[in-house]
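>>> Below are the sequence and a predicted model; questions follow.
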Amino acid sequence: GTCIYESPSGQEKKLVTIFAYDGRKMRADILEGLEAGTLQIFDGEKQIYFIRQKKRYAKQDMLGIDRVLDPHYWASSAKYSYLEKSLGDILEQRPCKILRQEKVDDILCYVVDVSDPPDHVRHLWIAPEMGFRVLKIYDESWVGDKQVEFNYRLFYKKYQSNGQTFWFHKLVKYEAINVTPSKDKTSQGNQKKYLFKNTFRAEDFKVNVDVSSLFKLDIPPGTLIYDSASDTYIPAEEILK
């Protein structure tokens with residue numbers, strides 16, 4: 001399906017990408033934005049870029065696409081590592097506690113504190129009736145000399161296929177606010193200053209469809225691919241074997 005990222009704050013930015021997933025595999029065709037015309041394929045271990053205009057390939061060991069822009073990553077609760085751990089594993093392995101129960105748009109959630117380290121506050125609103133999906137994230141930490149408050153609101157679409165129910169993101173609203181206390185003693189209270197407000201929309205997504213053909217790269221033998229790990233060019237057959 002298609003993901004549209006828009007950032008009206010500062011200067012107008014828009015990125016349109018078609019994503020496909022197969023387990024840990026990810027394919028992103030960037031149609032509009034700064035990297036328009038770029039194809040990125042992640043096979044679960046390595047990633048291949050193809051810049052169509054320049055007919056140039058590159059390999060990276062780390063996932064290169066901005067994780068915040070990838071809907072698959074939203075399901076891992078925003079800032080966590082890309083698909084390395086499920087939400088359940090994160091809650092088991094990190095210091096956490098249930099603070100209270102609270103409704104988000106009439107959906108009952110557990111408010112869970114996963115703050116770590118001590119000067120970093122992070123709360124998750126988790127909805128049991130939606131398969132324990134995260135509906136809200138509150139995050140407060142220091143970025144340089146700024147105390148920044150991050151707010152995420154996540155909306156889902158319900159899918160049903162072969163008797164199974166799926167929930168996939170349809171909209172994420174994400175904002176960052178500078179809440180650093182003012183040093184000006186004459187200031188009338190602390191006024192919040194928005195650093196940015198972003199939205200992410202996922203459209204026309206289909207589930208349980210065969211996308212295996214999308215992960216087959218037809219790269220001619222002998223094509224040299226830039227390998228970021230070794231800073232050298234390697235024949236395609238060596239990388240893709």
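Sure, I can see it.
>>> Checking residue 213 next. Helix, strand or coil?
helix (DSSP: H, G, I helix; E, B strand; the rest coil).
>>> just residue 167 next, same as before
Strictly by three-state DSSP, residue 167 counts as strand.
>>> neighbours of it, just the number please.
15 (other C-beta atoms under 10 Å). For every residue, glycine as well, the C-beta is placed using N, CA and C.
>>> what sits opposite it in the beta ladder?
Beta-bridge partners for residue 167, by DSSP bridges, are residue 158.
>>> So it sits against residue 129, correct?
No. Using C-beta atoms under 8 Å, residue 167 is not in contact with residue 129, being 10.4 Å away.
>>> shared neighbours of the two, which are they?
Common neighbours of residue 167 and residue 129 are not found (criterion: C-beta atoms under 8 Å, 6 or more residues apart in numbering).
>>> which one's the longest helix in the protein?
helix 87-93 (DSSP state H).
>>> Could you list the buried residues of it?
With burial defined by 16 or more other C-beta atoms under 10 Å, the residues of helix 87-93 counted as buried are 87, 90, 91.
>>> What is the nearest of those residues to residue 234?
Residue 234 lies nearest to residue 90 out of the buried residues of helix 87-93, by C-beta to C-beta, at 35.5 Å.
>>> Could you pull out the helices in the chain for me?
So, for the chain - with DSSP H - the helices run 71-74, 87-93, 236-240.
>>> just checking, what packs against the last one?
This means helix 236-240. Contacts defined by 3 or more C-beta pairs under 8 Å, 6 or more residues apart in numbering; DSSP states H and E place helix 236-240 against strand 224-227.
>>> which residues touch the strand it packs on?
Strand 224-227 has contacts (C-beta under 8 Å, 6+ apart) with 48, 56, 57, 58, 59, 219, 232, 233, 234, 235, 236, 239.
>>> Quick check: neighbours of it in the sheet, parallel or antiparallel?
If you go by DSSP bridges, strand 224-227 pairs up with strand 56-60 (parallel), strand 232-235 (antiparallel).
>>> which stretch in the ones you listed has the least confidence?
Mean pLDDT values for these show the minimum at strand 56-60, a mean of 72.
>>> end to end, how far does stretch 199-213 reach?
Length of stretch 199-213, first residue to last, C-alpha to C-alpha, to the nearest Å: 30 Å.
>>> Quick one: mean pLDDT over that stretch.
89.
>>> Equivalent analysis for stretch 97-113, please.
Computed over stretch 97-113, the average pLDDT equals 95.
>>> and it, how far apart are its ends?
Termini of stretch 97-113 sit 5 Å apart (C-alpha to C-alpha).
>>> Select, out of the strands paired with strand 224-227, the one closest to residue 209.
Across those (criterion: C-beta to C-beta), the nearest stretch is strand 56-60, sitting at 26.8 Å.
>>> And that closest one, how far out from the chain middle?
Offset of strand 56-60 from its chain centre (C-alpha atoms, centre = their mean, to the nearest Å): 22 Å.
>>> again, but for stretch 29-43
Computed by C-alpha atoms, centre = their mean, the chain-centroid distance of stretch 29-43 equals 15 Å.
>>> do the same with stretch 158-174
16 Å.
>>> Quick check: buried residues in that stretch?
In stretch 158-174, the ones that count as buried by 16+ other C-beta under 10 Å are 168, 169, 170, 172, 174.
>>> what does it rub up against?
Under C-beta under 8 Å, 6+ apart, the answer for stretch 158-174 is 68, 71, 74-75, 78, 130-131, 133, 150-157, 197-203, 205, 207-208.
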